[in-house]
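Novice: Based on what follows, work out the 3D shape:
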Amino acid sequence: MKQNGILCDILPEGHLPEDMKNLGIDEIGDSHLFTSMETPMKASAFELDDQTKIKLIEEKFAEIMDVLGLDLSDDSLSGTPHRVAKMYVKEIFRGLNPANAPKIALFKNKYRYKEMLIERDITLYSNCEHHFVPIVGKVHVGYISSGKVIGLSKINRVVEYFAKRPQVQERLTVQIARYLAEVLETEDIAVVVDARHLCVSSRGVEDTSSSTLTASYLGKFNEHETRDEFLRHIYQKG
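Specialist: Here you go, the predicted structure:
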């Protein structure tokens, strides 16, 4: 299935086809194809406040450490369950909560700038939803104004918001593009993500040299000339 310029078999409801239901957990975890376009969230996701979530995660993570055989009475480890719980809720997975979405104000394009605007090499830190280990890389974003412009730092904030949740790279790419199209009121959006996955480099095949490239093109960026110009700009150095 081709979705917004990216080849990805993302399933609408996150369900496996019948002929794939016999795949093992590890096989599914090594693939990025068996998921929904939206981040999978249960209906009761926001019934607990942050402090309650931190307390519960702290308790559960202490159990995990105990099962692993770690001595929680050790000074270095005793505070780890709380630190991990706070990090999960307040930092690396804060993008799960819509209340943390960036506040974005649009401005009139008084300069009447009609060419593409590109923000390249935006730092990406996310986490793989299959193994909860980091995804690290760069995001390149381009758009053509429909009469409104956005503060440059807000583009970084949008990337950060969708990155701060368990992710697969294909979904992340499309989510950034769709969100920017909505807030900028333009269909002319391009997003390219180039990232390394620690689930590939630190486990399994242990390949430390490869990276994954995904792209989502909307509107005019589906035209070859416009897309080629965007790609020249993001990969042109110096």
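
Novice: Now do the helices in the chain.
Specialist: Counting by DSSP state H, the segments of the chain that form helices are 25-29, 50-67, 80-87, 152-163, 169-184, 198-201, 224-235.

Novice: Mean neighbour count and mean pLDDT for those helices - can I get that in JSON lines?
Specialist: Quick note: C-beta positions are derived from backbone N, CA and C, even for glycine. As requested, the helices of the chain are arranged in JSON lines below (neighbours: other CB atoms under 10 Å; pLDDT from 0 to 100):
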{"stretch": "helix 25-29", "mean neighbour count": "12", "mean pLDDT": "54"}
{"stretch": "helix 50-67", "mean neighbour count": "14", "mean pLDDT": "98"}
{"stretch": "helix 80-87", "mean neighbour count": "17", "mean pLDDT": "98"}
{"stretch": "helix 152-163", "mean neighbour count": "19", "mean pLDDT": "96"}
{"stretch": "helix 169-184", "mean neighbour count": "22", "mean pLDDT": "96"}
{"stretch": "helix 198-201", "mean neighbour count": "18", "mean pLDDT": "74"}
{"stretch": "helix 224-235", "mean neighbour count": "14", "mean pLDDT": "96"}
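
Novice: nearest to residue 128, of these?
Specialist: Evaluated over the helices of the chain, closeness to residue 128 peaks at helix 198-201, with 4.7 Å, by CB to CB.

Novice: got the angle for the longest strand seen in the chain vs helix 152-163?
Specialist: Using DSSP state E to assign secondary structure, the strand with the most residues in the chain is strand 116-128. Angle, strand 116-128 to helix 152-163, by axes from the mean of the first three to the mean of the last three CA atoms, to 10 degrees: 30 degrees.

Novice: Partner strands of strand 116-128, with direction?
Specialist: Strands adjacent to strand 116-128 in the sheet, as given by DSSP bridges, are strand 134-144 (antiparallel), strand 166-167 (parallel).
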